[in-house]
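K.L.:
Next one to model:
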Amino acid sequence: MPKVEGELHVALVLTTRGRAKVLSVDTSEALAIEGVVAYVSAADVPGNNVTSDGEEVFVTEQVYSVGQIHGAIVAATPEIAQQAAKKVKVQYEDLPAIVTIEDAMQQNSSYGPGKFLHKGDPEGAFNECPIVFEGSLRTHSQEHFYLEPSACVMRPSGEVGEIDVYVGFQYIKRIQEEMAGTLGIEQNKITCHTKRIGGGFGGKSCRFLHYLACAVAVKKTRRSLRMCLNRSEDMRLTGHRESNLAQYKVGCDDTGKIKALDLTVNSNCGIPDSVASGLLAELLFIVDNVYSIDNMRVKGIMYKTNLPAISPMRAFASIENMYLIESIVSDVAVKCGLPQVQVRETNMHTEDIPLTYFGLPIEDFDNFRTCWQECKERSEYVVRRREVDAYNSQNRWRKRGLAIHPLKFNTGAYPIHFHQAGALVNAYIDGSILIHIGGAECGQGLFTKMIQIASRVLGVSVDHIHIKETNTDITPNPTDTAASSTSDIFGMAVKEACKILIERLKPYKDAKPEGTFADWTSAAHLDRVNLSATGFYKTPGLDWSWETKTGRPYPYSTYGVACSEVEIDCLTGAHHLIQTDIVMDIGRSINPAIDIGQIEGAFMMGYGYFTFEELQWSDAGKLITDGTYNYKIPCVMDVPEKFNVTLLRNSRNLRAVYSSKGLGEPAVCLANTVFFAIKDAIQSARNDAGLMGTFSIDTPATPEKIRLACGDSVIDFANKTI
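P.N.:
Below you'll find the predicted structure:
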């Protein structure tokens with residue numbers, strides 16, 4: 001955005017302790033720097049310094065994590081603001097911090113007793129199982145690492161304390177309502193604008209304190225302000241994927257059929273618990289994947305630590321819990337001495353209309369079965385399995401692995417009130433169309449699909465349809481752009497608005513069927529017909545109750561299958577992704593080019609999670625991996641040599657617009673095939689070393705972990721030497 005005259009810049013002063021008392025804050029040196037206009041702190045907040053999550057906008061007396069906000073420097077240039085922010089001196093009295101999930105569990109630092117869902121009698125079933133074993137699994141944190149760090153421009157406007165907020169955010173309703181509380185004004189005086197976002201993945205949906213701090217600075221200075229976080233600040237302020245410690249007990253028979261499973265997932269949620277309840281729900285609803293287990297109990301407990309609060313991240317709670325159930329199934333196969341594919345197929349639902357372990361009918365499950373068979377055939381899994389085994393028998397220090405895994409992804413966020421959307425569609429007398437929606441364009445092709453939907457309903461070329469920014473003035477109370485459901489709900493809202501316009505134009509179309517859309521809108525305008533229509537949609541049939549543990553918590557499932565092959569170097573731990581084949585059921589695609597791109601990008605994000613992305617904290621709760629120099633994401637050289645994506649044909653989905661399905665997130669989960677292919681390769685290396693049976697390797701499968709897991713004579717010698 002162009003600057004305006006007199007515009008100033010904001011830099012934040014962040015906490016540097018995981019838990020401490022604030023003894024003093026000295027801003028004298030910072031304020032003495034030429035070009036510094038003001039220091040903004042809790043004393044300047046005109047409204048409430050505490051958000052609806054119970055979190056302070058500006059820290060006052062006690063610090064609970066690194067990266068909270070002490071205050072904000074307002075200066076003439078961003079360089080001066082950053083320089084001054086570093087000159088603010090804060091004295092602390094350090095207090096004991098809880099950082100790890102183990103410490104939180106030991107000290108019972110939780111957000112409550114947790115929740116559980118169950119089916120049958122797992123404890124009784126264990127007594128009848130010939131094979132029973134226990135284990136634990138870990139999943140780690142991940143950074144969103146979108147292209148553009150968080151930024152905003154805020155300007156005072158109007159005569160009664162109005163403020164315009166230009167921000168790249170997925171959930172501007174949340175900014176509007178929290179900002180109103182902080183500034184002590186009504187929401188109708190705050191207008192939030194979002195044209196598009198340079199990547200979000202959930203990191204721009206619920207962590208917003210830096211924007212509230214900037215708003216207070218606007219209120220204090222009455223000037224236009226601009227703020228852009230650097231990468232390190234963004235990583236400390238916007239949250240991350242949660243880490244988990246899962247403990248399980250599983251019982252099966254000699255065929256690999258799982259008869260009983262008791263699983264407890266302990267999640268490190270940081271502080272505060274802004275999304276912990278949503279995480280807990282997603283965990284419980286998705287963990288069974290496509291498997292039928294007669295006796296199953298799953299419990300989730302959210303723990304409070306002195307790390308920054310987690311935030312939703314692409315495939316929120318799904319990628320982690322898909323990994324958990326697939327790890328358990330994999331270990332069952334090893335314990336039984338059976339092929340991985342055979343055990344997976346043994347445990348898949350066989351009913352025409354199967355039920356989840358909490359009793360929800362799984363619709364269109366035949367689509368999954370078709371995906372499974374098609375992926376096996378297209379990937380030539382049976383032939384390649386023999387080839388991989390033959391390669392491994394002839395090579396000691398280079399091994400290959402192959403894995404094929406299923407996916408049932410629950411599309412749509414919990415809680416249910418997220419499933420609503422509004423749209424405004426305006427027709428002009430020249431035949432052009434203008435669309436406003438409450439969803440944010442994050443690079444996922446949302447605006448393109450909305451234009452396509454309007455074009456289809458109205459019969460107008462896409463060249464004559466334009467979509468404007470997301471704006472709380474025009475589409476009030478917009479829901480979060482999240483959970484792969486935004487195209488579903490806003491697409492239906494656009495469709496409803498367009499249908500209203502078509503109905504209003506029908507008399508003029510009937511009177512002049514050979515005319516153009518411009519002819520009909522012109523005639524309607526002369527006849528004083530309203531050419532602006534509002535569409536609203538709420539997803540029907542969602543009625544989940546935690547009291548009765550019955551009902552439908554999400555609209556539908558998206559299915560997929562992936563097969564991946566890797567090669568590892570047993571001496572260095574390096575790996576190479578040779579080939580990935582994906583078959584996805586996405587209903588009837590509105591835009592196949594966009595959808596295939598989304599599948600490919602999602603898979604690569606999941607690949608980074610499972611192989612080398614890893615956030616690390618110090619014992620005091622400080623993020624160590626806080627920049628591009630020590631946190632790495634996949635690049636173009638990491639893409640599989642052969643990458644085949646197929647969309648399932650002849651599929652439909654009656655629960656979404658034009659029978660399509662949401663797909664921004666599901667393929668993230670399918671990247672677990674890379675991890676398990678690596679594990680398959682390691683298993684071959686271990687067998688050569690005489691190490692049979694199950695083994696543990698935590699995510700991500702970094703070169704160090706791969707090398708150590710191979711467990712050969714070199715590792716034995718090193719261990720004895722040490």
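
K.L.:
where along the stretch 401-550 of the chain do the helices fall?
P.N.:
For the stretch 401-550 of the chain, the helices defined by DSSP state H, counting those that start in this stretch cover 446-458, 486-511, 517-526.

K.L.:
Which positions in the second one come out as buried?
P.N.:
Buried residues in helix 486-511, counting neighbours by 16 or more other Cβ atoms under 10 Å, are found at 486-498, 500-502, 504-505, 508-509. Quick note: C-beta positions are derived from backbone N, CA and C, even for glycine.

K.L.:
now that helix: how far from the chain's centre is it?
P.N.:
32 Å (Cα atoms, centre = their mean, to the nearest Å).

K.L.:
Report the outermost residue of the chain with respect to its centre.
P.N.:
A511 (50.4 Å; Cα atoms, centre = their mean).

K.L.:
Now do stretch 11-27, average pLDDT.
P.N.:
The pLDDT scores in stretch 11-27 average 98.

K.L.:
ah, wrong one, I meant stretch 486-506
P.N.:
On average, stretch 486-506 scores 98.

K.L.:
Any regions of this structure where pLDDT drops low?
P.N.:
Low-confidence segments of the chain, defined by pLDDT under 70, span residues 717, 720-722.

K.L.:
follow-up on the earlier one: the helices of the stretch 401-550 of the chain into TSV, with extra columns for distance to N591?
P.N.:
Shown next, in TSV, are those (distance: least, Cβ to Cβ, whole Å):
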stretch	distance to N591
helix 446-458	6
helix 486-511	9
helix 517-526	22
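
K.L.:
I'd like to know which of those lies nearest to N347.
P.N.:
Among those, helix 486-511 comes nearest to N347, with 30.1 Å by Cβ to Cβ.

K.L.:
just to revisit the earlier point, closest one to E242 among the helices of the stretch 401-550 of the chain?
P.N.:
helix 486-511 (22.5 Å).

K.L.:
quick one, the closest one and helix 446-458 angle?
P.N.:
30 degrees (axes from the mean of the first three to the mean of the last three Cα atoms, to 10 degrees).

K.L.:
what packs against helix 486-511?
P.N.:
Applying 3 or more Cβ pairs under 8 Å, 6 or more residues apart in numbering; DSSP states H and E, one finds that helix 486-511 makes contact with strand 420-427, strand 433-437, helix 446-458, helix 517-526, strand 532-538.

K.L.:
of those, which approaches G560 most closely?
P.N.:
Across the helices and strands packed on helix 486-511, closest to G560 is helix 446-458 (Cβ to Cβ), at 19.7 Å.

K.L.:
what sits up against that closest one?
P.N.:
196, 423, 425, 427, 433, 435, 437, 439-441, 460-462, 465-467, 481, 486-487, 490-491, 494-495, 498-499, 501-502, 517, 590-591, 594, 657-658 (Cβ atoms under 8 Å, 6 or more residues apart in numbering).

K.L.:
Next, the angle helix 517-526 makes with it.
P.N.:
Using the same axes, to 10 degrees, helix 446-458 lies at 80 degrees relative to helix 517-526.

K.L.:
buried ones in helix 446-458?
P.N.:
Buried-residue list, helix 446-458, by 16+ other Cβ under 10 Å: 446-455, 457-458.

K.L.:
Restricting to C-alpha, output that helix in CSV.
P.N.:
What follows is helix 446-458, C-alpha atoms only, in CSV (Å, rounded to 0.1, in the frame of the first residue of the first chain):
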residue,chain,number,x,y,z
LEU,A,446,-10.6,-19.0,-3.4
PHE,A,447,-11.4,-15.9,-5.4
THR,A,448,-11.0,-17.7,-8.7
LYS,A,449,-13.5,-20.4,-7.7
MET,A,450,-16.0,-17.8,-6.5
ILE,A,451,-15.8,-16.1,-9.9
GLN,A,452,-16.3,-19.4,-11.6
ILE,A,453,-19.4,-20.2,-9.5
ALA,A,454,-20.9,-16.8,-10.2
SER,A,455,-20.2,-17.2,-13.9
ARG,A,456,-21.9,-20.6,-13.9
VAL,A,457,-25.0,-19.4,-12.2
LEU,A,458,-25.4,-16.1,-14.0
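
K.L.:
Am I right that A20 is in contact with Q62?
P.N.:
Yes. Using Cβ atoms under 8 Å, A20 makes contact with Q62 at a distance of 7.3 Å.

K.L.:
Who has more neighbours out of the two?
P.N.:
A20 (22 against 14; other Cβ atoms under 10 Å).

K.L.:
residue contacts, that one?
P.N.:
When contacts are taken as Cβ under 8 Å, 6+ apart, A20 is in contact with 62-63, 92-95.

K.L.:
I'd like those residues as JSON lines, with distance to E7 appended.
P.N.:
Output for the contacts of A20, formatted as JSON lines (distance: Cβ to Cβ, whole Å):
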{"residue": "Q62", "distance to E7": "35"}
{"residue": "V63", "distance to E7": "31"}
{"residue": "Y92", "distance to E7": "34"}
{"residue": "E93", "distance to E7": "39"}
{"residue": "D94", "distance to E7": "39"}
{"residue": "L95", "distance to E7": "40"}
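
K.L.:
Now the buried members of those.
P.N.:
Looks like these have 63, 92 buried, using 16+ other Cβ under 10 Å.

K.L.:
closest to E387 among the contacts of A20?
P.N.:
Distances from E387 to the contacts of A20, taken by Cβ to Cβ, are shortest for V63, at 56.7 Å.

K.L.:
now the closest one, which residues is it bridged with?
P.N.:
Counting by DSSP bridges, V63 forms beta bridges with A20.

K.L.:
From W520, how far off is the residue farthest from the centre of the chain?
P.N.:
A511 is 9 Å from W520, where distance means Cβ to Cβ, to the nearest Å.

K.L.:
S589 too?
P.N.:
From S589 to W520 the distance is 30 Å (Cβ to Cβ).

K.L.:
Who has more neighbours out of these two?
P.N.:
W520 (27 against 20).

K.L.:
OK, contacts around the residue lying closest to that one once chain neighbours are set aside?
P.N.:
Spatially, and ignoring its direct neighbours in sequence, W520 is nearest to Y508 (4.3 Å; Cβ to Cβ, 6 or more residues apart in numbering). Y508 is in contact with 515, 519-520, 523-524, 527, counting by Cβ under 8 Å, 6+ apart.

K.L.:
Can you tell me which of the residues you listed is nearest R384?
P.N.:
W520 (57.9 Å).

K.L.:
what about A125, which helix or strand?
P.N.:
In the assignment (DSSP states H and E), A125 maps to helix 122-126.

K.L.:
Which is the succeeding secondary structure element to that helix?
P.N.:
With secondary structure assigned by DSSP H and E, helix 122-126 is succeeded by strand 131-139.

K.L.:
for the residue nearest to G597 when sequence neighbours are not counted, what are its contacts?
P.N.:
Nearest non-adjacent residue to G597, counting by Cβ to Cβ, 6+ apart: G445, 7.7 Å away. By Cβ under 8 Å, 6+ apart, the contact set of G445 is 591, 594, 597-598.

K.L.:
Tell me who's in contact with M604.
P.N.:
634, 638-639, 671 are the contacts of M604 under Cβ under 8 Å, 6+ apart.

K.L.:
if I've got this straight, it is in a helix?
P.N.:
Yes. The assignment for M604 is a helix, going by DSSP: H, G, I helix; E, B strand; the rest coil.

K.L.:
which one of the buried residues of helix 446-458 sits closest to E614?
P.N.:
Looking across those and measuring by Cβ to Cβ, the closest to E614 is L446, at 30.6 Å.

K.L.:
how far away is the closest one from V160?
P.N.:
Applying Cβ to Cβ to L446 and V160 gives a distance of 34 Å.
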